[in-house]
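In: coordinates for the following, if possible.
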Amino acid sequence: KSEVARDVIARIGAVYAIEERIRGTAAETRRRVRQAESRPLMEALKARLLEVRGEISGQSSLAKAINYTLGHWDGLVAFLDDGRIDVDTNTVERSMRPIGLGRKNALFAGSAAGGRDWAILASLIQSARLNGVDPFTYVADVLERMVSGAVKANALDRLLPWTWKAERDSAGDGEESQAA
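Out: Next comes the predicted model:
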């Protein structure tokens, strides 16, 4: 409802407009555009937040929101220096939603170790989906390669979804690894 809040939202909206324009480009391209266009906007936003904080009561809800934002500033602007990082965590949060919705099922994991195993498997499946890999094909192949000894214990990182997909794509099997 405040003018300051509307101003902050408009500034963040400008950053999101830049992100929309560069979505899908190479990480280095995203980093360069962010350095040139988004960094000045974020620096101006921080200056504005500091200015407003100095003008209002430290007990107000706006001051608390500003302090929270400034307290997490390094994480908030991490996307500026790394083109691989998204501006927000929405993609990750959306991928976690089914896990949260299914958490009652995890109550039947049987033990702490079962719960841990459940979490590992769910993370791998969601990572496969995020990397455009069919989870069933991925898990079946990974289990087969582990059981057969095709991948040794000291090389399990080769079985992470993004590495697994890259290996299959370079071998010409990329079509099978794509999500249906």
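
In: so which residues of the protein form strands?
Out: With strands called from DSSP state E, the chain shows none.

In: for this structure, name the helix or strand with the lowest mean pLDDT.
Out: Lowest by mean pLDDT, DSSP states H and E among the helices and strands of the chain is helix 174-177, with a mean of 46.

In: quick one: the helices in this structure?
Out: 3-22, 27-33, 39-55, 61-71, 73-76, 90-101, 103-106, 112-130, 135-148, 161-170, 174-177 (DSSP state H).

In: how far away is I85 from D157?
Out: 21 Å (CB to CB, to the nearest Å). All C-beta atoms are positioned from the backbone trio N, CA, C, and that covers glycine.

In: please identify which of the two sits among more neighbours.
Out: I85 (16 against 9; other CB atoms under 10 Å).

In: next, the contact list for the closest residue to that one other than its chain neighbours, please.
Out: In space, I85 comes closest to F79 once its chain neighbours are excluded; the distance is 4.4 Å by CB to CB, 6 or more residues apart in numbering. Residues counted as contacts of F79 (CB atoms under 8 Å, 6 or more residues apart in numbering) are 34, 38, 85-87.

In: also T69?
Out: 49, 76.

In: retrieve the pLDDT associated with it.
Out: On the pLDDT scale, T69 is placed at 95.
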